[in-house]
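>>> Sequence and predicted structure are below.
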There are 2 protein chains.
Amino acid sequence: MSEQPRPVGSRLGRRNDPDRRDRIIDACLEVIAHSGVTGTSHRKVAARACVPLGAMTYYFDGMDDLLQAALTRFATGISDRFERRMAGASDADGAREAVAAIILDDVFGDDRELVLSHELYTLAARDPAYRSITTAWMERSRAALERHFDPETARLLDALIEGLSIHRALDSRTRDPHEVRTAIARITAS
Amino acid sequence: MSEQPRPVGSRLGRRNDPDRRDRIIDACLEVIAHSGVTGTSHRKVAARACVPLGAMTYYFDGMDDLLQAALTRFATGISDRFERRMAGASDADGAREAVAAIILDDVFGDDRELVLSHELYTLAARDPAYRSITTAWMERSRAALERHFDPETARLLDALIEGLSIHRALDSRTRDPHEVRTAIARITAS
DNA sequence: CACATCTGGGTACGATCGTACATATACCGT
DNA sequence: ACGGTATATGTACGATCGTACCCAGATGTG
């Protein structure tokens, strides 16, 4: 479980733990990944972050505020890694290989990201506030792709990444890396 | 709101409403679409289906059993329509147009299916019981596609449908039908 | 017509939830 | 040195939840 990095415990009152809010957000992401948004409660997050229950309503303006902060951090982290991958590519072929690595290694890597992505999508499908998180995410992905491909191809490639990642994660078979590269080659063929 | 199709009301005791279970399942899907799995409760579903609360535990073995029944029905319905679309195509070009229609009209049509799909995916990402629902769904989709395309192309096409549908639904822009056809043409080009 | 049986429903219980709010503590201006 | 104030916490309340349980009443049999 998570330890409380601050050894204190004595200075109960004030201004002693500046990154407490950050810890709560991270704890919230772990709770969502483990129990889903459905099973996420102030109490579980507080216990996970080793903060008292009252801190929840103090740092966040209700449950929705907390969820948005957490999922925004998640999406930003994914985007950061995406951009880093793409920045490492010098030409179109390198970009294609970077995209393959994203599909094969990143999203498919662990269940955590798969679960969190879908939790976010589910909220975004209903609530515009969450949809703006996914919109920003997609915006950054496409911008990174447009460094190497034309705008239309970038959009299609982004959609392909999405679909392949989901299907490969939810299928439990079809683990052939070659078909990913085939798909990328076809979709980026003008 | 939903009316109770049976006019009775007098025959309270027994064996008077044979499709009560079906009504509950449909009501459950509507509640999920409206409030999400998070906001779905026995009470809400019972109210929606115009059945007493006690009927919930009578017809279903707890909340999970109800959710699985509901989402199975949803996925089956989507698969049925998918197969119908594909069955109407006589050649590869017709199949391509059918796929375009699926993306442009079906999934993107209303928010209801978008929401329900993601709710299902979210559960599937965590729970194997729900994952078998999505696996069966994908199986049928690919089988239908393989009537017109080779297996690998069918898989890629299926993934492309997924990604394009999601991105187009979650983006709130990018409504150009042409790019969908472009993507299909590229991915089905051997 | 009477009785055993089984389907279905009303209700109450225990648990859990979000959040408001009073309180306590530490910092800071004076 | 000493309030005043911002920061943080513990607790308690009202609402809602899933589900177990018991009873009502219809059904089929003798």
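Perfect, thanks for sending it. Since the structure is predicted, the reported quantities are computational estimates derived from the model, not experimental observations. Numbers count the residues shown, from 1 in each chain, chains lettered A, B, ... in the order given.
>>> So residue A:190 is in contact with residue A:153, correct?
Yes. The pair residue A:190 / residue A:153 is scored as a contact, 7.3 Å apart, by Cβ atoms under 8 Å. Where you see a C-beta, it was placed from the backbone N, CA and C, and this is true even at glycine.
>>> Neighbour count for the two, which is higher?
A side-by-side neighbour count of residue A:190 and residue A:153, using other Cβ atoms under 10 Å in any protein chain shown, places residue A:153 first with 21 against 7.
>>> Within the helices and strands, which one has that one?
If you go by DSSP states H and E, residue A:153 is part of helix A:151-171.
>>> That helix close to chain B?
Yes. Legend: contact between helix A:151-171 and chain B by Cβ under 8 Å from any Cβ of the partner chain is shown at A:152, A:155-156, A:158-164, A:166-171.
>>> again with stretch A:118-137
Yes. Contact of stretch A:118-137 with chain B is found when judged by Cβ under 8 Å from any Cβ, involving A:118-119, A:121-122, A:124-126, A:131, A:134-135.
>>> which other residues reach that stretch?
A:32, A:36-37, A:64, A:67-68, A:71-72, A:74-75, A:78-79, B:36, B:111, B:114-115, B:118-119, B:121-122, B:125, B:166, B:169-172 (Cβ atoms under 8 Å, 6 or more residues apart in numbering or on different chains).
>>> what's the answer for stretch A:93-111, then?
Stretch A:93-111 is touched from outside by A:33, A:78, A:81-82, A:85-86, A:88-89, A:113-114, A:117, A:145, A:147-149, A:157, A:161, A:164-165, A:168-169, A:177, A:180-181, A:184-185, A:188, B:125-126, with contacts defined as Cβ under 8 Å, 6+ apart.
>>> and these, which are buried?
By neighbour count, with 16 or more other Cβ atoms under 10 Å in any protein chain shown, the contacts of stretch A:93-111 hold A:33, A:78, A:82, A:85-86, A:89, A:113-114, A:117, A:145, A:148-149, A:157, A:161, A:164-165, A:168-169, A:180-181, A:184, A:188, B:125-126 as buried.
>>> and the longest helix out of those in chain A, which residues are buried?
Secondary structure assigned by DSSP state H gives helix A:63-87 as the longest helix of chain A. For helix A:63-87, a neighbour-count test (16+ other Cβ under 10 Å) marks A:63, A:66-75, A:78-79, A:82, A:85-86 as buried.
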